[in-house]
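J.: Sequence first, then the predicted structure:
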Amino acid sequence: MDRLSSFLSFVLIDGISYGMVLFLISVGLSVTMGLMRFANLAHGAFAAIGGAVAVSLMTSTGLPFLLALVVAFAASALLGLLLEPILYAPLYGGDELDQVLMTIGLIFVAIASLNLIFGSTPLPMRLPSWLAASVDLRIRIVPAYRIFLIAVGALLMLMLWLTLDRTEFGARIRAAVENPQMAQAVGIDTRHLFAVTFMLGCGLAGLGGALGAQMLPIDPVYPLRYLATFLIVVSIAGFGNIKESAWVAIMLGVIETAGRYLLPEIAAFLTYLILIAVLLWRPNGLFSKPQ
Amino acid sequence: MNDVRSIVEQQARAGTRWRVVEALPWLLFVGFYFLFETRLALGNSVLVMVLFTLSLDLVLGYAGIATLGHALFFGLGAYTAGIVIVAGWPEPFSGLLLAILVAAAAAVITGMLLLHLHGNTLLMLTLAFLVLAYEAANKWTSVTGGDDGLQGVAASPLLGVFAFDLRGQTRYWYALFLLAVLFLVARAIAASQFGLALKGIRENAGRMRAMGVPVKRHLVVIYSIAGGMAGAAGAISAHSTGFVGLDTLAIALSANGLVMLVLGGWGRLYGAIVGASFYVILQHFASSWNPFHWMFLVGAALIMIVRFGKGGLLGVADRIRNRLGGREGADR
């Protein structure tokens, strides 16, 4: 009994904190693929760049962890803001093959640049002492870092919810995802709206990359290695289902963590099998209205 | 209706007629053997990649199927050919045939499951099947060698006479012969009415369906033919190098296939030849560089091609020719 509850608490805490990282990184992708139907394979690059900037600043200048997270957000958001009009905007509404090719090109350039700037080895993430400590939760002792991830993830999720549901900006996004033509017809500048959400999505990816650097270590091939991981979250939830993608991310985090301990032989297949089953059953994702 | 039929037949005839230029790549491939006898291993990998890219062109360039999973068929072919030999059946031609059958069968199965889908969903599912196969090959070490790859794939001499030796004469002619045969198949398909129907599906699937064309069946057929061709490329690679690694099932191979096809120009068969040859040879000479520099170059080139270079190298060549032609016309 004791072993069961300790196992369960372990799977839940590790799984949910991993899921929070997945959520933060993929939420922006959900917007890109939902709002502009853009096959964006390069989203992981923004996570890697944010993470690399934060981790290397922490090591080289001793920047405090929380400040480094802010820098990670800012760096990726800025990059998104710069690249969106040059590389992404010309391909909106175009052929998905062009989008795939451009973003593959972007992945290659990102990998090469990361290697040039930060070196080819994984960047070691040194947590501040208050996060490296452990917390006794009665049932088991848990790394404070995991608790912190869950708290930050939950906080950002709440903020995102409130923004989407309670603000005019959120209403515009929901309208544009639901029906872009109609949104434009009633006077929503979808082009501008998308530039802003793209930037925010990139920023959140950078933040997620930095926060998750211990679980998904930052090195140059990061954008290629986790390419499928983030896309899977978004595809299962259905492109554009922003809130649902959060639940899917947490679910996948827990399932993958549990799988790795219960069924280590097939854990690597698990998420892909789930993806295939879901998309064959509902091609537009679990939470999309059947057409 | 008769008019439509005569136009279709006329188009099909025009496609089967040979032009003089078409001899050029084959003369170069034969010439390569005599000019660069020390670089036949490189030549062999060019031919293998040309075949792989050619098969991708049938799927993507002709039928318009957006896939990230084409490496699945290359890898299945390579592992089938390798495993048969390691298991004690070293005869290469039967191994090649089996590899083609396995890859084509996998293409039929995945094609029937997937080819009614489009866009991002199709991209994700083709990718998912590829990664599943990669993980399977990675985990199933007793058969595939896992991370170390399948070592010691020693095919017996071709036809009992020509050994796969280090100098690489056998492997070069083996690959060139098979490429030529399969190119003829691809060319015949492209010029046939079936090929025209595929182009129609690429341009407007809804209209083709309304005309009574069995869209999904056509797509599954071309997907399995191309899958078999990619499987052949994988088998040739296994026989030639004596090794099968996990990179034959990697996402990167799918991505490189796309890069080579787009570099040459898709939907015209010769684009695959130009793109793959150019890419592999350039990569070979860049191998002394830091591999990341090569990656940067490829990535930047890809972005530029998408933005400015529609149609790849052959497309750019067409445009230059048209412009020169146009100017001549204006002078007159």
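T.: Structure received.
J.: Any idea how many residues pack against residue A:182?
T.: Per other C-beta atoms under 10 Å in any protein chain shown, the neighbour tally for residue A:182 reads 11. (Glycine included, C-beta is placed from N, CA and C.)
J.: so what secondary structure elements neighbour the strand or helix carrying it?
T.: Mapping residue A:182 onto the secondary structure by DSSP states H and E places it in helix A:180-185. Under the contact criterion of 3 or more C-beta pairs under 8 Å, 6 or more residues apart in numbering or on different chains; DSSP states H and E, the helices and strands touching helix A:180-185 comprise helix A:168-178, helix A:190-211.
J.: rerun at 6 Å
T.: With contacts taken as 3 or more C-beta pairs under 6 Å, 6 or more residues apart in numbering or on different chains; DSSP states H and E, helix A:180-185 sits against helix A:190-211.
J.: ok, and what's touching the helix it packs on?
T.: With C-beta atoms under 6 Å, 6 or more residues apart in numbering or on different chains as the test, helix A:190-211 has contacts from A:21, A:24-25, A:27-28, A:31, A:35-36, A:46-48, A:50-51, A:54, A:69, A:72-73, A:75-77, A:80-81, A:84, A:172, A:176, A:180, A:183-184.
J.: Listing request: residues of chain A with sub-threshold pLDDT.
T.: Applying pLDDT under 70 to chain A flags residues A:1-2, A:137-139, A:289-291.
J.: For the stretch 101-250 of chain A, what lies in contact range of chain B?
T.: With C-beta under 6 Å from any C-beta of the partner chain as the criterion, the stretch 101-250 of chain A comes near chain B at residues A:101-102, A:104-105, A:108-109, A:111-112, A:115, A:228, A:235.
J.: Pull out the buried residues from the one helix or strand residue B:95 maps to.
T.: Assigning secondary structure by DSSP H and E places residue B:95 in helix B:92-114. Residues B:92, B:95-96, B:98-100, B:102-104, B:106-108, B:110-111, B:114 are the ones in helix B:92-114 that count as buried (16 or more other C-beta atoms under 10 Å in any protein chain shown).
J.: do stretch B:139-155 as well
T.: B:139, B:144-145, B:149-150, B:153, B:155.
J.: ok, how many other residues are close to the closest residue in space to residue B:113 that isn't next to it in sequence?
T.: With C-beta to C-beta, 6 or more residues apart in numbering or on different chains as the criterion, residue B:113 has its nearest non-adjacent residue at 6.5 Å, and that residue is residue A:280. Using other C-beta under 10 Å as the criterion, residue A:280 is surrounded by 13 other residues.
J.: Next one: residue A:280 from residue A:235, what distance?
T.: Distance, residue A:280 to residue A:235, using C-beta to C-beta, to the nearest Å: 12 Å.
J.: next one: residue B:215
T.: Residue B:215 is 24 Å from residue A:235, by C-beta to C-beta.
J.: Of these two, which one has the most company?
T.: Set residue B:215 next to residue A:235 and count neighbours by other C-beta under 10 Å: residue A:235 wins out with 30 against 20.
J.: so what's that one up against?
T.: Applying C-beta under 6 Å, 6+ apart to residue A:235 gives the contacts residue B:124.
J.: rerun at 10 Å
T.: If you count contacts by C-beta atoms under 10 Å, 6 or more residues apart in numbering or on different chains, residue A:235 has them with A:26, A:29-30, A:33, A:228, A:245, A:248, A:275, A:278-279, A:283-286, B:120-121, B:123-125, B:127-128.
J.: swap in residue B:306?
T.: Residues touching residue B:306, when contacts are defined by C-beta under 10 Å, 6+ apart, comprise A:87, A:90-91, A:94-95, A:97-105, B:262.
J.: and the residues of the stretch 101-250 of chain A next to chain B, which are buried?
T.: When those are checked for burial by 16+ other C-beta under 10 Å, the buried set is A:101-102, A:104-105, A:108-109, A:111-112, A:115, A:228, A:235.
J.: Which pair of the residues you listed spans the longest distance?
T.: Using C-beta to C-beta, the two most remote members of these are A:115 and A:235, lying 28.8 Å apart.
J.: before we move on, what SS does the nearest residue to residue A:266 once chain neighbours are set aside have?
T.: Closest residue to residue A:266 apart from its sequence neighbours, by C-beta to C-beta, 6+ apart: residue A:259 at 7.2 Å. At residue A:259, secondary structure determined by DSSP: H, G, I helix; E, B strand; the rest coil is helix.
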